[in-house]
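Enquirer: coordinates only, sequence not included:
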């Protein structure tokens, strides 16, 4: 085993390196004579000087230049043997267009100096290059190998004759492209627009292939002379510029290309199938020639504007709004699909979108947005066509003022529909009872539109609020009254239409309407009155529902608004405690008189100033009632010194048991009705004057009481005189033939405030 330390890096095999250099030298010897056409076709590099630099040529025709050899690089600079070796000597031009990565210019060596061509030699070289260029343009096979042609161009460039060869190549290009354009112009007179587009596309593709092939031959010239000088175009740019100039000079051919493209697009817009690949290639040709935006695009936008301007004017008059909206949406989708970035095969340049789409929007939407809104808003909302309404919203959002106009139309729609609900002057009976349900339906409809069609945008929410506030206050006090009565109907006993959850949701919706009312004190007055009736007559369906509604009002309007309403609930609770104490009172009538034990007595103590103002009515009560009232007053005054009770007979309620031949009945009546009915226990017939003297009831109030007891629906009492009129000269008698299917019969009292009631026509 060797005792020598191991090397960190193994030695390079010198024999392999010498073999590689020998092989390269053999290939270089074959390429010494650049005029010799017999060389190894597999050779992929050229060595100009003695040591190792070489040129690599890729299959695509582009060449990447690298340097190799025994020298080393430090900071992109050559050192050692590498300096002054392979490369193309190029002057240091200012304003260079670019640089090739890892390109290293070299100074002339002795060998390079010996290869510099003279003017006569250049002429010989150009003859072969010109011949190859002509053959390529004519589409024929080139006799010399491309490697040989490439090397000749490189030799010319090394000899500093780049400007001369570029000028000669420019002249060759000019002649061939002129011939190419003349052939196209001749063809334009023989075929129609579609066939001409096909021919132009084929010829353009062929020309591009030829220019690329020639560029491969002159690649060294393109990568050195053309690239390093800002005033010299590349070979490709030179060919494109000549094509553009030639096409612009032949106005007939250029116009026919534009006409063919516009005709194809028009046919596609009319529903015909077109060759999108062909259109895409021709438009790319125009883009490469820089004629697309400068010449074609303007004509295309003008044709589009004229087409949609005529179509929109016709369709907006002939079609209904939903059909027109679908037409506009379809057209916009079709135009979006014409771009290369769209779905499918697009053919228009994406840069055209910023001009085309606004033009379509201007002609199809903005020009007719006033008509669309005027004819479509009411129609779509009334018909619940939310999809079409959403479509109209999305289309109008594309214009600067579309949504503002739609917002104003939406507000006007709410005002018109709301005014019909609130200001309905039709003579139908109880029409106002449908006011609140109709307003709730309108609110639900507008909320759905706001959410599903208008994306809950704030400007539309503000418009809806403005519309509701406007129409709901057009009729002073009545909407507030009807909302309070509607709440009363939903909170009363016997309302089994909704569950507690549905009732809670309904209360929230009613409070939204309540917000729009300016005169909230009117609502408070009616709500307090109805709440008092529900509490006193025990008509509330649920105390929890009552308190929940009260809490909602407190949250909405503050504690000052609900202070009195909360006091009414406290009075009801205190009254229950007072009645419990009265049951234990030693002076209770049932403890003194056995007859009083069959009478149930209850009283509600109302704090003055909290409850609605009630005007006391004079009423002569039977002895049994007076006995209970006197005893309770004695109990209450003794319990609360300094307080005074005032009895409100017009608010009292009674239950009376009656016996008929058909069975017993339980009448639920007001205290005044009860006092009148008890008079007929002793007498069968009584006149209006006799009843009034016995009860002390005021004349108008007594007429309402007698109208309710003698109404044809009840007929608890028989009446003389005209059947539809209550007069002071009428007489009344007990009706032994009274019939009712139910045991418990409720006789509604006719209130003085009511103007619409089944019995109103009986009061004179």
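Expert: Nice, I can see it. It should be emphasised that the depicted structure is a prediction, and the values quoted were computed from it without experimental measurement.
Enquirer: in the stretch 101-250 of the chain, which spans are helices?
Expert: For the stretch 101-250 of the chain, applying DSSP state H, counting those that start in this stretch gives helices covering 110-114, 119-138, 146-158, 162-188, 193-217, 219-221, 227-228, 235-249.
Enquirer: the second one vs helix 193-217, what angle?
Expert: Meaning helix 119-138. Our comparison of helix 119-138 with helix 193-217, counting by axes from the mean of the first three to the mean of the last three CA atoms, to 10 degrees, yields an angle of 150 degrees.
Enquirer: could you do the fourth one as well?
Expert: Taking the same axes, to 10 degrees, one finds helix 162-188 and helix 193-217 inclined to each other by 160 degrees.
Enquirer: just give me the residue right at the centre of the chain.
Expert: For the chain, the residue nearest the mean C-alpha position is residue 455 (4.7 Å; CA atoms, centre = their mean).
Enquirer: now the helices of the stretch 101-250 of the chain as JSON lines including mean pLDDT, distance to residue 642 and mean neighbour count?
Expert: For the C-beta atoms, the positions are set from N, CA and C on the backbone; glycine is no exception. Below are the helices of the stretch 101-250 of the chain laid out as JSON lines (pLDDT from 0 to 100; distance: least, CB to CB, whole Å; neighbours: other CB atoms under 10 Å):
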{"stretch": "helix 110-114", "mean pLDDT": "40", "distance to residue 642": "133", "mean neighbour count": "11"}
{"stretch": "helix 119-138", "mean pLDDT": "89", "distance to residue 642": "126", "mean neighbour count": "16"}
{"stretch": "helix 146-158", "mean pLDDT": "91", "distance to residue 642": "126", "mean neighbour count": "21"}
{"stretch": "helix 162-188", "mean pLDDT": "93", "distance to residue 642": "117", "mean neighbour count": "17"}
{"stretch": "helix 193-217", "mean pLDDT": "94", "distance to residue 642": "109", "mean neighbour count": "18"}
{"stretch": "helix 219-221", "mean pLDDT": "93", "distance to residue 642": "120", "mean neighbour count": "21"}
{"stretch": "helix 227-228", "mean pLDDT": "89", "distance to residue 642": "114", "mean neighbour count": "20"}
{"stretch": "helix 235-249", "mean pLDDT": "94", "distance to residue 642": "111", "mean neighbour count": "18"}
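Enquirer: residue 682: which of these is closest?
Expert: Closest to residue 682 of the helices of the stretch 101-250 of the chain, according to CB to CB: helix 193-217, at 113.8 Å.
Enquirer: next, give phi and psi for residue 549.
Expert: phi -60, psi -40 (degrees, to the nearest 10).
Enquirer: so what's it up against?
Expert: Counting by CB atoms under 8 Å, 6 or more residues apart in numbering, residue 549 makes contact with 487, 491, 507.
Enquirer: filter these down to the ones in helices?
Expert: Those of these mapping onto helices are 487, 491, 507, per DSSP state H.
Enquirer: I'd like the residues you listed written out as TSV, with distance to residue 673 added.
Expert: Shown next, in TSV, are the ones in helices among the contacts of residue 549 (distance: CB to CB, whole Å):
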residue	distance to residue 673
487	28
491	25
507	34
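Enquirer: among those residues, who's most crowded?
Expert: Compared across the ones in helices among the contacts of residue 549, residue 487 has the highest neighbour count, 23 neighbours, by other CB atoms under 10 Å.
Enquirer: so it touches residue 507, yeah?
Expert: Yes - under the criterion of CB atoms under 8 Å, residue 487 makes contact with residue 507 at 7.4 Å.
Enquirer: one step back: name the element the nearest residue to the residue nearest to the centre of the chain once chain neighbours are set aside belongs to?
Expert: Nearest non-adjacent residue to residue 455, counting by CB to CB, 6 or more residues apart in numbering: residue 393, 7.7 Å away. Using DSSP states H and E, residue 393 falls within helix 386-396.
Enquirer: may I see the buried residues of that helix?
Expert: Within helix 386-396, the residues that count as buried by 16 or more other CB atoms under 10 Å are 386, 388-393, 395-396.
Enquirer: could you pull up the mean pLDDT of that helix?
Expert: Averaging pLDDT along helix 386-396 yields 96.
Enquirer: that one packs against which elements?
Expert: Contact here means 3 or more CB pairs under 8 Å, 6 or more residues apart in numbering; DSSP states H and E; on that basis helix 386-396 packs against helix 321-336, helix 369-382, helix 402-422, helix 435-452.
Enquirer: low-confidence bits of this protein, can you list those?
Expert: For the chain, the stretches with pLDDT under 70 are 1-120, 340-344, 424-431, 493-497, 594-595, 751-764.
Enquirer: again, 50 this time
Expert: The chain contains residues with pLDDT under 50 at 1-17, 20-21, 23-114, 342, 429, 753-764.
Enquirer: tell me which stretches of it form strands.
Expert: Here the chain has its strands, by DSSP state E, at 54-57, 63-66, 73-74, 77-78, 653-660, 663-670, 685-687, 717-719, 731-734, 744-746.
Enquirer: buried deepest among those, which one?
Expert: Comparing the strands of the chain by mean neighbour count (mean count of other CB atoms under 10 Å), strand 717-719 ranks first with a mean of 20.
Enquirer: check which residues of stretch 561-568 are buried.
Expert: Under the neighbour-count rule (16+ other CB under 10 Å), stretch 561-568 has 562, 564-565, 568 buried.
Enquirer: can you list contacts of that stretch?
Expert: For stretch 561-568, the external contacting residues (CB under 8 Å, 6+ apart) are 520, 524, 527-528, 531-532, 535, 550, 553-554, 607, 609-611.
Enquirer: please redo it, this time with the cut-off set to 10 Å
Expert: Residues outside stretch 561-568 that contact it (CB atoms under 10 Å, 6 or more residues apart in numbering) are 520-521, 523-524, 527-528, 531-532, 534-536, 546-547, 549-556, 559, 606-607, 609-612.
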